[in-house]
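Participant: 3D model of this:
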Amino acid sequence: MTNPLNAPVVPAEQEPVETEMPREAQARKRSLGQLLSNNLRSSGIALAFVAIVGLFTFLTNGMLLSPGNVTNIILQYSYVLILAIGMLIVIIAAHIDLSVGSLLGLTGAVAAVVIIRGQMPWYVGVLAALAVGLLAGAWQGFWVAMVGIPAFIVTLGGMLIFRGL
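Facilitator: The predicted structure is shown next:
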């Protein structure tokens, strides 16, 4: 069987596989390189994190990733994780909340005052702090959602108010 150019035609089941593999590997290599170069900004933090963890694991002879150390890190930074999750929700909604740190300080102070000066159990202080945080969030949310003031302006004002209290 020949084609119009008089070149022999090989049926599909008899085509050599070796000639296709290098092209596929090159395409995968090229696409991986393009993927990394196109997403360097978004994957740069992950790459930097892996590099830093690798460096400190090497410098501490593997103690950085020991179960005891990982547990201590999680326990010491759990409050930062809670704040980060809250901020993630706000950022996903395409807003920004500048008052998080000041509100955290205010709610912590409310809990301390209720527990120490009010001679109340710890859970009453936690409930008081949650109530203050809920009221402050609802107040700021009202101005953003119902009135239409930009979240940047509302939370900037909230930051100054909460810091002053």
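Participant: Name the residue closest to the centre of the protein, please.
Facilitator: Centroid-nearest residue in the chain, with C-alpha atoms, centre = their mean: residue 88, separated by 6.5 Å.
Participant: Give me the contacts around the one helix or strand that residue maps to.
Facilitator: Here residue 88, judged by DSSP states H and E, is contained in helix 78-92. Contacts to helix 78-92, defined as C-beta atoms under 8 Å, 6 or more residues apart in numbering, come from residues 96-97, 100, 104, 151. Glycine gets a C-beta too; all of them are placed from N, C-alpha and C.
Participant: most surrounded residue in the residues you listed?
Facilitator: Greatest neighbour count in the contacts of helix 78-92, by other C-beta atoms under 10 Å, goes to residue 97: 23 neighbours.
Participant: From the recorded domain assignment, give the ranges for this structure.
Facilitator: For the chain, automatic domain parsing gives the domain ranges 12-61, 91-164.
Participant: Could you look over those and pick the most buried one?
Facilitator: Stretch with highest mean neighbour count among the domains of the chain: domain 91-164 (a mean of 15; mean count of other C-beta atoms under 10 Å).
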